[in-house]
Every structure is written in structure tokens, then in C-alpha cells.
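A.B. asks: Structure, please.
(chains A and B)
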There are 2 protein chains.
Amino acid sequence: MSAPNQLQNLIDLMARLPGLGPRSARRAVLHLVKKRALVLLPLAEAMRQVAETARECLNCGNIGTTDLCEICESGKRANGELCIVEDVADLWAMERAAVFRGRYHVLGGTLSALDAIGPEELRIPKLIDRVATEQITEVILALNATVDGQTTAHYIADQLEGRVKVTSLAQGVPIGGELDYLDDGTISAALKARKSV
Amino acid sequence: MSAPNQLQNLIDLMARLPGLGPRSARRAVLHLVKKRALVLLPLAEAMRQVAETARECLNCGNIGTTDLCEICESGKRANGELCIVEDVADLWAMERAAVFRGRYHVLGGTLSALDAIGPEELRIPKLIDRVATEQITEVILALNATVDGQTTAHYIADQLEGRVKVTSLAQGVPIGGELDYLDDGTISAALKARKSV
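C.D. replies: Below you'll find the predicted structure:
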């Protein structure tokens, strides 16, 4: 509590960001104060702009600056394939891989009995609606390989059974992975899904 | 580059902060967008306030919101002892320890031949001026125990020789430290400075 009030206030707010704690927040704020023109003012302005413009896409739940996000509005994306992700961060990860040319649907989380998150809390009704009204031929479940992610994947696959082809990402040894460092579950999944060479 | 432009701009700016990289900046920005009212708007406002008000203390180099910082202006601090630190972060660390009741002088870095940082680039002339004009009885060198920090400490001690009593922080085993994990230099320093029990 040795910083002046306004600085301490900024440090406290920064320290609440994921990945930052009190120590790194102090370092970041000192850096900001020292580089006022180069970093602090542009950052404050960028935050103001994002606060004003960022919104959820009404269709898929992605974050954009318009009612419909760039991907939903794009004429260059294939309409048939719909990739289901938990979170916008996962959508960005898929886009960085740059192999999927279809459209997305962001659930906004996973089903969780403990946290009382049911299908209505996620964007699952909207998903079922999209499958019914858009020309979707395949739903690709790209949910995280966690217990909650897989539970949610099973639930969605159940809901969509008979309406559309449902697939999910392959599980196995990651590229560059060494068996010695992999957990039992991954090795087991990779063995079960082995393919002929 | 899958985020919309304004978001990507904010991510790029955040990623330049110390302690954050592209991945943690993306996480932080998604968190900001999701908690617009609770986090993003207060953070943007706190940054704007700090950008407007934060300034270096004209006397000691601490960061405050007025021409003279709270510590320099305070009537409760002892005038005799002057603690020399490299950076405002170090001053804050000293203040968190809450054992020093004197005043500070922030150098703003260390002497470095490689980076062409000489005494004039630091606040060393101002320090000598303060020693000559203020009622200072002891200068405490609280510089980092790095090569640059110790070089700077030696230089300052040379400059002030004969004018005022100069001391420096003790070196030794840190509280809670285990010998097995300490480097040779620390053990050596602790042995040389051993004291009778």
C-alpha cells in the first residue's frame, strides 16, 4: 500500500486480470507510467474503443464489432460445416490453425451440474435452432478434452442425433509429443484410435 | 489474427506489458470484454486518471500525483536518513516492509557502461545536491545485489566519502532460506559477515 491512491487503484484492477497477480500488476503499472505516451495512452484509448464497440455476435456468440461477426457475415466461408467451441478463445485457436473454412457456434461454457449451468445457460437452444434452419450438413464438436467438455459434447450429440452428421476432433498423440511425457488417458485414446499406416 | 481489428490492437498493446505475452494478453482481453462494466470500464478510467495525474516527484524521483510526493511532503518521516533505491518498485518494496521511516532518493536505474548510462543520466547529481543542502546524517544504499547495482553503490559511496555516513543493506541468508538452495556467493557473503550469537 505504498503507491499513491490512483496508482494503487490501477494496480488492484490490473491484478484481477487472469495471468496477473499483485507483483506483475505493479511491474506493469510502473511500465505504463514510465511509457505514458507510448503505451499508457494508446492502451487506455484501445480499451475505451473496445468497451464501446465489442459485442457478441447474435448468431454464433463470437466477439465482433457488429451485430453479426465477420465470420457469420463472410461470403467466403462454407455454410455446410458448423464447428462448436466452448469459448471465443477456442474459436481464435481454431482460426490460428487456419484449416477450418466453415462457420462457428460458441457455446459460452460447458454444462456443469455443480455450477448449475444447464443447456439454457449456454447457447445450445440457438444451436439446435441453427441446425434446423441453416443448410448445415455436419456439426464438428471441437470442445476441450476435459470432463465437462466431453459431457457437453455427449449431450449435444444426443440432442442432434438423427438430424445432422455429428463428428468430433480426433484424440491422440499431439504433434511433437513424446510418449514418455504423455498421460495414460492420451496414450490409451491414441492406441484405441490407431490407424493402419 | 483471428480477432477483429480493435480487439487485436488491444491484445497487441497488452502483450507488450512486462509479464504478459500474446497468449496471456488474449486471455486478459477476453476477460475484459466479458466483464465490460465490472472490469473493462473501471480499468480504462483508472488508466486515464493515472495518465493525467501521475508524475515524478521533483525532489526524490518517486511517482506521485503532485510535484512533491507524499513521502517528501510528509511531516512524519525522519529527515536524517536517506535511502537510495534504483527504482520506484524498490521504494514500494521498502515501504511494504514498513521498517524504514526516513526519506528516499530514486536513482532511476544503475550505472551501465554498456548502455551508456552515466551519473548524469541517473539522479546522482540531485542526490549530491540533497546531501549538501538537507539535514542528512546517513545515506543507506538499498541497491539490488547485482553487478550493476553494486557498481553504482560503490560509485555513490566514493562520491559521498567524507561528507556523510554511508551504509548499505546487509547481505546474507534470506529469512526462510535453505542453505542447500542458496548460491555460493550468498553463502560466502553470509560467512564473511558472520556475527556472534
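
A.B. asks: Give me the spatial nearest neighbour of the spatially most central residue of chain A, chain neighbours excluded.
C.D. replies: In chain A, the residue lying closest to the centroid (CA atoms, centre = their mean) is A:Asp87, at 2.5 Å. Nearest residue to A:Asp87, sequence neighbours excluded (CB to CB, 6 or more residues apart in numbering or on different chains): A:Val106, at 6.6 Å. Where you see a C-beta, it was placed from the backbone N, CA and C, and this is true even at glycine.

A.B. asks: give me the number of residues near the one you found?
C.D. replies: Using other CB atoms under 10 Å in any protein chain shown, the number of residues around A:Val106 comes to 26.

A.B. asks: Could you do A:Glu56 as well?
C.D. replies: A:Glu56: 18 neighbours (other CB under 10 Å).

A.B. asks: That one is in contact with A:Ile63, isn't it?
C.D. replies: Yes. If you go by CB atoms under 8 Å, A:Glu56 and A:Ile63 touch, sitting 6.2 Å apart.

A.B. asks: So for the residue nearest to the centre of chain A, what's the pLDDT?
C.D. replies: Per-residue pLDDT puts A:Asp87 at 92.

A.B. asks: swap in A:Met1?
C.D. replies: 46.

A.B. asks: Tell me which residues are up against stretch A:121-137.
C.D. replies: Identification of contacts with stretch A:121-137 by CB atoms under 8 Å, 6 or more residues apart in numbering or on different chains yields A:59, A:61, A:79-82, A:84, A:105-111, A:119, A:139, A:152, A:155-156, A:159-160, A:163-165.

A.B. asks: how does chain A divide into domains?
C.D. replies: A:5-53, A:63-196 (automatic domain parsing).

A.B. asks: quick revisit: now the residue nearest to A:Asp87: phi and psi?
C.D. replies: phi -100, psi 120 (degrees, to the nearest 10).

A.B. asks: so what's it bridging to?
C.D. replies: Beta-bridge pairing for A:Val106 (DSSP bridges): A:Val85.

A.B. asks: ok, now which ones touch it?
C.D. replies: A:Val106 neighbours (CB under 8 Å, 6+ apart): A:Cys57, A:Cys60, A:Gly61, A:Asn62, A:Val85, A:Glu86, A:Asp87, A:Val88, A:Asp90, A:Leu91, A:Arg123.

A.B. asks: 6 Å instead, please
C.D. replies: A:Val106 makes contact with A:Cys60, A:Gly61, A:Asn62, A:Val85, A:Val88, A:Leu91, according to CB atoms under 6 Å, 6 or more residues apart in numbering or on different chains.

A.B. asks: nearest to chain B, of those?
C.D. replies: Ranked by distance to chain B (CB to the nearest CB), the contacts of A:Val106 are led by A:Val88 at 5.8 Å.

A.B. asks: isn't that closest one right up against A:Ile63?
C.D. replies: Yes. Contact criterion CB atoms under 6 Å: A:Val88 and A:Ile63 qualify, at 5.1 Å.

A.B. asks: quick one: A:Asp115 and A:Leu122, what's the gap?
C.D. replies: 11 Å (CB to CB, to the nearest Å).

A.B. asks: These two: who's more crowded?
C.D. replies: Between A:Asp115 and A:Leu122, A:Leu122 has the larger neighbour count (other CB under 10 Å), namely 22 against 11.

A.B. asks: which one is that one nearest to, not counting chain neighbours?
C.D. replies: A:Leu107 (4.6 Å).

A.B. asks: Residues of chain A that sit close to chain B?
C.D. replies: A:2, A:4, A:6, A:9-10, A:13, A:17-19, A:24, A:27-28, A:30-31, A:33, A:36, A:40-44, A:46-51, A:53-54, A:63-65, A:88-89, A:92, A:95 (CB under 6 Å from any CB of the partner chain).

A.B. asks: and the residues you listed, which are buried?
C.D. replies: Buried members of these, scored by 16 or more other CB atoms under 10 Å in any protein chain shown, are A:2, A:4, A:6, A:9-10, A:13, A:17, A:19, A:24, A:27-28, A:30-31, A:33, A:40-44, A:46-51, A:54, A:63-65, A:88-89, A:92, A:95.

A.B. asks: Mind jotting down where the helices sit in chain A?
C.D. replies: For chain A, applying DSSP state H gives helices covering A:5-15, A:22-34, A:41-53, A:70-73, A:88-97, A:124-133, A:147-160, A:184-192.

A.B. asks: of those, which approaches B:Asn144 most closely?
C.D. replies: Each of these has some distance to B:Asn144 by CB to CB; the shortest is helix A:22-34, at 14.4 Å.

A.B. asks: relative to helix B:5-15, how tilted is that closest one?
C.D. replies: 110 degrees (axes from the mean of the first three to the mean of the last three CA atoms, to 10 degrees).

A.B. asks: And helix A:22-34, what does it pack against?
C.D. replies: The elements that helix A:22-34 packs onto, with contact taken as 3 or more CB pairs under 6 Å, 6 or more residues apart in numbering or on different chains; DSSP states H and E, are helix A:5-15.

A.B. asks: helices or strands up against the helix it packs on?
C.D. replies: Looks like helix A:5-15 contacts helix A:22-34, helix B:41-53 (3+ CB pairs under 6 Å, 6+ apart).

A.B. asks: of all those helices, which lies closest to A:Glu73?
C.D. replies: Among the helices and strands packed on helix A:5-15, helix B:41-53 sits nearest to A:Glu73 (CB to CB), with 27.3 Å.
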